[in-house]
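In: what follows is a predicted structure for the sequence shown.
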Protein chains: 2
Amino acid sequence: MPFSFPFLSELTLDCVILAFHEDKLKVLLLRLRQTQDWSLPGGLIRKDEGVDEAACRTLKERTGLEHIFLQQFKVFGQVKRYDKEEIKEKLKHLVAPEKWFDRAVSVGYYALVDYAKVTPAPDALADECRWWDVQSLPSLLFDHQHIIQVARQSLRIQLNWQPIGYNLLPEEFTMPELQRLYETILGRALDPRNFQRKMLGLGILDRLGIRRKGGAHKAPYLYRFNKGHYDAVLKEGNMFFT
Amino acid sequence: MPFSFPFLSELTLDCVILAFHEDKLKVLLLRLRQTQDWSLPGGLIRKDEGVDEAACRTLKERTGLEHIFLQQFKVFGQVKRYDKEEIKEKLKHLVAPEKWFDRAVSVGYYALVDYAKVTPAPDALADECRWWDVQSLPSLLFDHQHIIQVARQSLRIQLNWQPIGYNLLPEEFTMPELQRLYETILGRALDPRNFQRKMLGLGILDRLGIRRKGGAHKAPYLYRFNKGHYDAVLKEGNMFFT
DNA sequence: GCAAAAGTGTTCAGTATACACCCATGC
DNA sequence: GCATGGGTGTATACTGAACACTTTTGC
């Protein structure tokens, strides 16, 4: 490794970028050049940037998005996180064997983004960058399968405390859409009446007009998040969801 | 730095070791040789140990304790976490200027321990190691003041979800003692009747005999944690405390 | 007019909260 | 016997959970 290597060599980060589309929770994955396996976006931290900044940069590079809720959720610090020989073999066309770090600790982040606003962008090392349904992931490199599991679990816990949806849904959305988002993350059905009452009770939603098109049924109301109240609830973190 | 330096050079850890004594929350601090300022125990991670293992090792070295609840709570990853020149000057008798890492990211941990079971042990670099009341901390090196604040906040949040006390109180304790622990962490008074009902309702306590001595008043019951039930509640994390 | 989804209100049970009195002990 | 803290029970308010019917729309 040359002396001027501008990145930290012992610490990396991984971003679990989640979105919601067609009632499914999606995660953004990359397929590195000439490999069959996929991996999380993430990677190196510049020596002159904070770890959180590096996570924001990664998010921006892959999705084009900024000012997104990005949550540090866990440090993956075991000595042996995955089978290094297997990875070296699979990625030998990309990284010379002597260039591999001895060991890297990784900081896990998750982000929640609006599916429609993202144009997944592969980087120089990747052939493809696209959304995958978290329910049916492809084969993943490193310990990324595990990282995604832990991220989803952290997200589920966060849901008990804080509102979710601000960057995950379009600006305007309907109550059933918001409910399906919650149901997808929690993995179980919720009662529409109780759900609506609770959400409206939090005062983080503003109701707009009626939407007409699209649905072949009764037209639902449109809502928009009230950013001020939303942020207040986010900060206080006193929203229970059991 | 010699090639054989056996520690990670970009990543460190800091342990906020908390205990409860005389109705006060205490934190264990070290005073480095020939300095007036104090700092958190922690430090380097060996290249052949996991980050969590390193935190356990640190805890054991300073307190002699093992098998303690140790919680990763945050990565402190800004580029400039504190005034490096000030620190270099203050610690110049301990660390040669050229030995300073360019930058270190730190993983914060907190641990909850039984005050009576700890014999604080300074390490080779420290003159003193002792408990300080979190309400009146001395002058601290690095960003350790900040780290302690974040740890306490994380602890308060954890309290809403999980039982606390297993390693913090002696084996046998009274209900008022447990209540004072909660009151100290939460920073407000709780109703003794409701507190007792909730704790007993969780089924994590076993009542023993009556204790006689000590108190100049009615003898309170002694309790012990039921480890099995305690761990179950810890795992489920469904205990609200608002 | 029928199927599919959206919207709304009420009841019930469980739990958090507030509150007052008696009991045991050391001095 | 009195001051201090420990222990217990009850009434009330709130909140979450369960539940059924009407409305709108496209076909």
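Out: Sure, I can see it.

In: what ranges does chain A have for its strands?
Out: If DSSP state E is used as the criterion, the strands of chain A fall at A:7-21, A:24-32, A:38-39, A:42-46, A:70-76, A:105-112, A:126-133, A:172-173, A:205-210, A:221-225.

In: average model confidence for the first one?
Out: It stands for strand A:7-21. Strand A:7-21 comes out with an average pLDDT of 96.

In: which secondary structure elements does it sit against?
Out: strand A:24-32, strand A:42-46, helix A:51-63, strand A:105-112, helix A:144-159, helix A:175-186, strand B:7-21 (3 or more CB pairs under 8 Å, 6 or more residues apart in numbering or on different chains; DSSP states H and E). All C-beta atoms are positioned from the backbone trio N, CA, C, and that covers glycine.

In: in it, what's buried?
Out: Using 16 or more other CB atoms under 10 Å in any protein chain shown as the burial criterion, the residues of strand A:7-21 that qualify are A:8-20.

In: need the max-distance pair from these.
Out: Pairwise distances across the buried residues of strand A:7-21 peak at 35.8 Å for A:Ser9 and A:Phe20 (criterion: CB to CB).

In: what's the spacing between A:Arg197 and A:Gly187?
Out: According to CB to CB, to the nearest Å, A:Arg197 stands 22 Å off from A:Gly187.

In: can you check A:Gln149 too?
Out: For A:Gln149, the distance to A:Gly187 - CB to CB - is 13 Å.

In: hmm, A:Pro41 is touching A:Leu18, no?
Out: No. The pair A:Pro41 / A:Leu18 is not scored as a contact, 11.9 Å apart, by CB atoms under 8 Å.

In: common neighbours of those two, please.
Out: Common contact partners of A:Pro41 and A:Leu18 (CB atoms under 8 Å, 6 or more residues apart in numbering or on different chains): A:Leu28.

In: domain-wise, how is chain A divided?
Out: By the assignment in automatic domain parsing, chain A contains the domains A:7-159, A:172-236.

In: and those, which one's lowest on average pLDDT?
Out: Mean pLDDT is lowest for domain A:172-236 among the domains of chain A, at a mean of 90.

In: which of A:Gln149 and A:Gly187 has more residues huddled nearby?
Out: Set A:Gln149 next to A:Gly187 and count neighbours by other CB atoms under 10 Å in any protein chain shown: A:Gln149 wins out with 14 against 10.

In: highest average neighbour count across the helices and strands packed on strand A:7-21?
Out: Stretch with highest mean neighbour count among those: strand A:105-112 (a mean of 25; mean count of other CB atoms under 10 Å in any protein chain shown).

In: okay, angle between that strand and strand A:24-32 too, please.
Out: Counting by axes from the mean of the first three to the mean of the last three CA atoms, to 10 degrees, strand A:105-112 points 140 degrees away from the direction of strand A:24-32.

In: now for strand A:105-112, which elements pack on it?
Out: Applying 3+ CB pairs under 8 Å, 6+ apart, one finds that strand A:105-112 contacts strand A:7-21, helix A:51-63, strand A:70-76, helix A:144-159.
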